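1. sequence and predicted structure, then a few things I'm wondering about:
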Amino acid sequence: MESVLRGIIIYLFLWLIFRISGKRTLAETTPFELVLLLIISEVTNQAMVDSDNSVTNAIILIMTLTGMSVLLSFFKHYSAAANRWLEGLPLPLIKEGKVLKENLDKARVDEQEILMSARYTQGIERLEDIKEATVENDGKISVIPRQR
């Protein structure tokens, strides 16, 4: 039972940390963030298994973590409020051609990142050519070009 409680606590804690750290953290990781994720993985492993390295404990933890994921996806599917709380909402960065500086700061995104996404997805090279840009729930930036 202790392994199940440890698994639930670690799962919820990591969910909270990644939710607070923002959508962009998971979408595009830098080498520094990759190292951080690897360290978190190792520390999480130690916190969950303690001194019990048995196969049984590993199976219990895998079932617990998978069960938490399924349970949360169930809540998200059947409750719009739970989905908003767990996943958040898309955040507009450019609306009707106007850069929303406050939202850029909130998402920790700069204009160059918007332009990079615009170049990759739409072939757009200037901010003036963007009608809408949004950080989606998966952390990616979607861009709608301005009609000329």
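-> Thanks, I have it.

2. state the number of residues packed around Met63.
-> For Met63, the count of nearby residues is 13 (other CB atoms under 10 Å). The way it works is simple: take the backbone N, C-alpha and C, and place the C-beta from them, glycine included.

3. tell me the helix or strand right after the lowest-mean-pLDDT helix or strand in the chain.
-> Counting by mean pLDDT, DSSP states H and E, the chain has its least confident helix or strand at helix 23-27, which shows a mean of 57. Where DSSP states H and E defines the elements, the next helix or strand beyond helix 23-27 is helix 31-49.

4. quick one: mean pLDDT over the following helix or strand past that next one.
-> Using DSSP H and E, the helix or strand that follows helix 31-49 towards the C-terminus is helix 55-78. Summarised as a single mean, pLDDT over helix 55-78 is 87.

5. what helices and strands are in contact with helix 55-78?
-> The helices and strands touching helix 55-78, judged by 3 or more CB pairs under 8 Å, 6 or more residues apart in numbering; DSSP states H and E, are helix 2-21, helix 31-49, helix 80-87.

6. mind redoing it with 7 Å?
-> Using 3 or more CB pairs under 7 Å, 6 or more residues apart in numbering; DSSP states H and E, the elements in contact with helix 55-78 are helix 2-21, helix 80-87.

7. which stretch among those helices comes nearest Gln122?
-> Proximity to Gln122, assessed across these by CB to CB, is greatest for helix 80-87 (25.0 Å).

8. helices or strands up against the closest one?
-> helix 55-78.

9. show me what counts as buried in the helix it packs on.
-> Neighbour counts using 16 or more other CB atoms under 10 Å place Asn57, Ile60, Leu61, Thr64, Leu65, Met68, Leu72, Lys76 of helix 55-78 among the buried residues.

10. alright, I will stop here.
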